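J.: predicted structure and sequence below. I'll ask about it afterward.
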Amino acid sequence: MAHSHTKTRAVKKLRRLEPDPGDRESAPKGVLISLVRSYVRPHRRVLGVIALMQVFQAAGNLYLPTLNANIINNGVIKADLGYIGWAGGIMVGIAVVLCVASLICLYLTAWVATSVGAGIRAAVYDRVQSFSVVEMNRFGISSLTTRTVNDVQQIQLFVQVMLSVLVISVVTTFGAVILAVKEGPGLSLVLGISVVVLVVLTGLVVVRLLPLYRTVQIKTDGLSQVMREQISGIRVARAFLRTGWEAERFGRANAQITNTAMRAGKVYALVTPIVMGVTNLSSVLVFWLGGRLVAHGTMPIGNLTAFLLYLLQILLYVGIAVSVLVLLPRAAASAERIQQVIDTAPAITEPPKTSVPFAITGGVEFRRVSFGYAGSERPVLDNLNFTFLPGKVNAVLGGTGSGKSTLLNLIPRLLDPSSGAVLVNGIEASEQSAERLRLDIGFVPQKAYLFAGTVADNLRFGRPNATEQQLWQALEIAQARDYVAALPGQLDARVERGGANLSGGQRQRLSIARALVRRPSLYLFDDCFSALDAATDARLRSALVPETSGATVVIVAQRASTVMDADQIVVLDNGRVAGIGTHEQLLADCVTYQEIIASQLGTGALT
Amino acid sequence: MSKSADEKGRKKEKPEEQDGGKRRPVIPRLISLLRPEWSKLLAVTALTVVSTGLLIIGPTLLGNATNVVFNGVVGKLLPLGETKAEAVATLRAEGQGDLARMLSAMEVAPGVGVDLNELARVLSLVAIVYALTTVFSWIQARMLTNIAERTMFRLREAAEGKLARLPLRYFDTNPHGEILSRVVNDMDNVDTTLHDGLSQLPTSVLTVVGTLAIMYWVSPLLATVSLLTIPVVMAVTIFMAQRSKDEFTAQWDQTGQLTATVEETYAGHAVLQAYGRRKSMDGDFRRRNRRLQRASFPAQFLSSAIFPAVVFVGNLNYVVVAAFGGYQVATGAISLGAVQAFIQYSQRFSSPVIGIAAQMNALQSGVVSAGRIFEFLDATEEPVLPALPGGSVESGASPKTASIPDGSIPGGRRIRLEDVSFRYEPDTPLIENLTLEAAPGQTVAIVGPTGAGKTTLVNLLVRFYEIDGGKILLDGVDYRELSRDQVRRCFGMVLQDAWLFHGTIRDNIAFGREDARDNDVFAAAMDAHVDEFVRTLPEGYDTVIDGDATNISSGQKQLLTIARAFLADPGILILDEATSNVDTRTEVMIQAAMARLQAGRTSFVIAHRLSTIKAADTIVVMKAGQVVEQGDHKELMDREGFYHELYTSQFAETPAP
């Protein structure tokens, strides 16, 4: 029956590949309603037409049993063949109207639902686009993608189902109740009892079912996590001969999900029998009581058959309501996840007045800068005070977690400090338009990201009008000339999304070349040399010297050899400045620096 | 561990070659998964036949009830004492021929009203039939859930077992996301298909066949009339399903493209912002968003339009049956109850027909997924090891011909590579004629640029891959005389990306050895100097490391994996030195722990630190998959070859940028 189809679809929708850190608890239904309402509102007129069409359908549905009763009462019993033909003609007419109304309704419903989907998708996308690094990291890329695509699909599905059954169910149910009572007032008590019994029984099942579905969902996430871990840790498991143990762990998760799904399945197995049983047995009851009424002459026999048909319709729509109810928790959870994104205010906002473009020649000053994520105890950066020397090579050295990437992100306003100020050209960065500020910055992120397109497209990212010669020159410095020259199509060679068809080192070198093509006054290199082997790293950096002369360069690194010859080295440890100076100065008086050199280059390098 | 994939030039390969010739069509194979449940399936089939049969009889019996009532109503209209024959004759005499014929077909007792006893008898029968149907369908649904879930349990189990038998090559050549998608996403889809298919398809087919049979039994004429609409229903359904399938394909294509655009924009977020190019992606997004809406709108509409179309045909059928049946009742060719039953049948008839059509669509996607899972299950497994003269064939943990002492050996083990050759691709030579020896307790440093093949060497040592030529001797015993497990039991690994799983710290350390007790775990943690840290955590060793291990620092993760290696207590160590991934103090702790771990063991270190390299007994210098130089630091410096170049560029006169 249609019910079990709906169920499995609902379960499937509930089961999601991506485990989500937040809020699996039942989401408030209010969010779903308010979200849907605000995006459905612009389509009010269309909704009016949909409602009208459904009222037509409901009226048609309700009139058909009456017509059937008339055919029996006036046609069959009186053996009036002419009446049968006439009423039959009307029935065909009604069927045509019903079909057309239904098609119009579904057409408009599909249109509204997909429009609402597209609207919410665009809203989520726009909001994410305004996010800073903080919000991006908080949600994570895959979670945001899921929210933008899959969760919106859930809402769309919900809107579609809701719109296509809402008005017709309500009108048909109420209409059928009124008409049924009219046809057989003596039977209204049976009708009332049947409806109440059906609603209560299915309600009980649904209430028990929803938490079980949620558990199935959690177990499914658990199972896919075990799988994910096994695939990523395959080497370790084999090296330690623990594949058997892994299989046991998987077996447990598998058994758990199977048991939970069976429990949910057993509860769900009640739904169809309940709807079927109540429907069928109440029609028997109606027949018995109705038959007596007919026997006593208080009710015409045609009314009895009509009553039965109304009863079936009422119970049918109650059943539909139950199947829509099963979709509700899933859609509510999706709405919640979407609303979270929409409600997140980006940390970076544009100042009211926008400044004119400028060259960053005056250096970058950090004045009592601290940065912490909301809710975390320890700040990532703690009271930083220093200036990056203009026109010089500045380095920031520290391990992962020392806060050096965060520090770098503050300069182009990918982040704003929690307190204190970053001054660019002597003006506070947060008072400048982020977009203008970034125009004169060549930023090379830690994780090189390239976009789908050609090599040239990617290189021209920061400077669309760069000549081919300029591109080759940048590639030469980035130590990428040789391999780009060897690619089929050279500068026109395809780059896949994210640069998936290139190796890590190749991506990193193209990302560096992309910054060089821009020829900015300020270069920010975020630990981007670590993906290169030491020899390439060294060649690249020596080629950079003439190219970047006159510009301010900030290099963030973990490898001491990368930064040893910088004009100024800032040593970061746990978010604090542990020392500032040249290699020689730091070697003489900075303990942290000495430790790093000793651990990376051996104690011999200290002298 | 994408590193070795990197080293092979990041070739994007199709999933592993399949065992040719033995592949069976997907649907029979899918059905054969149900074989272990055959007894249950038999029971369920019997139940389905019975309950479908009862469900079909229901309307006929209810039709009898109508007849009882109708007969009573008509009978009361006739004068008491008259026989039925007399009443018919009277009517005929009055010129009401139609009415007379109708009456003659009825079981009427003139003057007597509705026979309530008869009605009660008929209705009790109906009630019993319906009650039975309800109970049967409940049992049936429960059993089907069980069958489907158990089948899925076995299929997931099979996938898990396969995972363990696949060679590492499979994981290195197929993107992990792709494998995961097969064992998780496709599995889910097959689950749904199996549930739906099992619970609906047989019932739908049986209902259609049974209903049709009984319709013919009740009235061949009416049955033929209403059968006329079936081809129309079929044609409409097939047409709509075909159209909506095309539209759905377009919708999924557009969804995929939009997802890719969204993912790209989000992943490149920082770059887009830093280069002020947000707008450039916005246009792309809006275009694709619009396209998705345009594609999904007709898909949604067409797929739902099947229903009103079929309902219309159903209504038409209703009219035809009502009109034609009414005419027949009036002419006495059929009883009123039969017509009523017929109307119910024709209504019950169209819904399973729609159901079958919808099922066929859903089945398509399930079959595609099942095919992808079977492809995974058919992938070539870890090769069966060739038998040596006098030896037996073995794979994995099967019998072996030689034995070496298990567990740790004081002072470490000796390992010797003789003339070893290996290639990932048959026509791309990688390691050729490599000879290398590590005496017990020695440290071998492996150095070379990224992509030089360092991981490949480790793969061969731990026997993740079998060598193509030469031999590897472990304490003088050829690898080929040992099982893989025996070889691996002698090794311990600490890799650069500290792999931890979702579980307690205790379990994560205990992963190092099968039979580890709590005290062993604590001792290993103390050796790795991580015990103190663990005990500062509120839950201590029971602290659960979450999925991405975000609740402990990367330095602590490293220390935990070192503790794991301590617990394993191997004779040979493989260490991948992290490039100072952590703060300075933890770094010092890690180095100290590694040094303690190396003491008294033979070790291979993928080295990044000068101190490690200088102290190594042997340095293996790799470049482009080849071992280019071998010797200690002094020898290699004196040779002024590639090592010299590497050394000077990395550690000596580093030019400033």
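T.: Cool, got the structure.
J.: partner residues bridging the residue of the stretch 351-500 of chain A found nearest chain B?
T.: Per Cβ to the nearest Cβ, A:F443 is where the stretch 351-500 of chain A lies closest to chain B, at 3.8 Å. In short, each C-beta sits where N, CA and C put it, glycine included. Under DSSP bridges, the beta-bridge partners of A:F443 are A:L524.
J.: how about the contacts made by it?
T.: Applying Cβ atoms under 8 Å, 6 or more residues apart in numbering or on different chains to A:F443 gives the contacts A:412, A:515, A:524, A:526, B:270-271, B:274-275.
J.: would you map the strands across chain B?
T.: With strands called from DSSP state E, chain B shows them at B:415-422, B:431-438, B:443-447, B:469-474, B:477-478, B:491-494, B:503-504, B:544-545, B:572-576, B:602-606, B:618-623, B:626-631.
J.: residues in contact with the most centrally placed residue in chain B?
T.: Nearest to the geometric centre of chain B sits B:M187, at 2.5 Å (Cα atoms, centre = their mean). When contacts are counted by Cβ under 8 Å, 6+ apart, B:M187 touches B:152, B:155-156, B:159, B:369, B:373.
J.: so which pair among those residues is furthest apart in space?
T.: For these, the farthest-apart pair by Cβ to Cβ is B:R156 and B:S369; their separation is 13.4 Å.
J.: residues near residue 562, how many?
T.: This is for chain A. For A:T562, the neighbour count with other Cβ atoms under 10 Å in any protein chain shown is 27.
J.: meant chain B actually
T.: B:I562 has 28 nearby residues by other Cβ under 10 Å.
J.: so for it, what's the nearest residue that isn't a sequence neighbour?
T.: Excluding its sequence neighbours, the residue lying closest to B:I562 (Cβ to Cβ, 6 or more residues apart in numbering or on different chains) is B:A528, at 4.3 Å.
J.: identify the residues contacting that neighbour.
T.: So B:A528 contacts B:559-560, B:562-563, B:566, B:593, B:597 (Cβ under 8 Å, 6+ apart).
J.: quick one: which of the residues you listed has the most company?
T.: Most neighbours among the contacts of B:A528, by other Cβ under 10 Å: B:A563, with 30 neighbours.
J.: hmm, it is touching B:A524, no?
T.: Yes. B:A563 is within contact range of B:A524, at 4.5 Å (criterion: Cβ atoms under 8 Å).
J.: show me the common contact partners of the two, please.
T.: In contact with both B:A563 and B:A524: B:509, B:512, using Cβ under 8 Å, 6+ apart.
J.: picking up where we left off before, okay, among the contacts of B:A528, which ones form the most distant pair?
T.: Maximum pairwise distance among the contacts of B:A528 (Cβ to Cβ): 13.0 Å, between B:L560 and B:L597.
J.: number of nearby residues for residue 151?
T.: Picked chain A for this. Neighbours around A:D151, by other Cβ under 10 Å: 26.
J.: meant chain B actually
T.: There are 21 residues near B:T151, going by other Cβ under 10 Å.
J.: and if you look at A:V554?
T.: For A:V554, using other Cβ under 10 Å, the count is 25.
J.: quick check: pLDDT value at it.
T.: pLDDT for A:V554: 87.
J.: residue contacts, the closest residue to A:S549 other than its chain neighbours?
T.: Excluding its sequence neighbours, the residue lying closest to A:S549 (Cβ to Cβ, 6+ apart) is A:G391, at 7.9 Å. Applying Cβ under 8 Å, 6+ apart, we find A:G391 in contact with A:361, A:549-552.
J.: many thanks, we can stop here.
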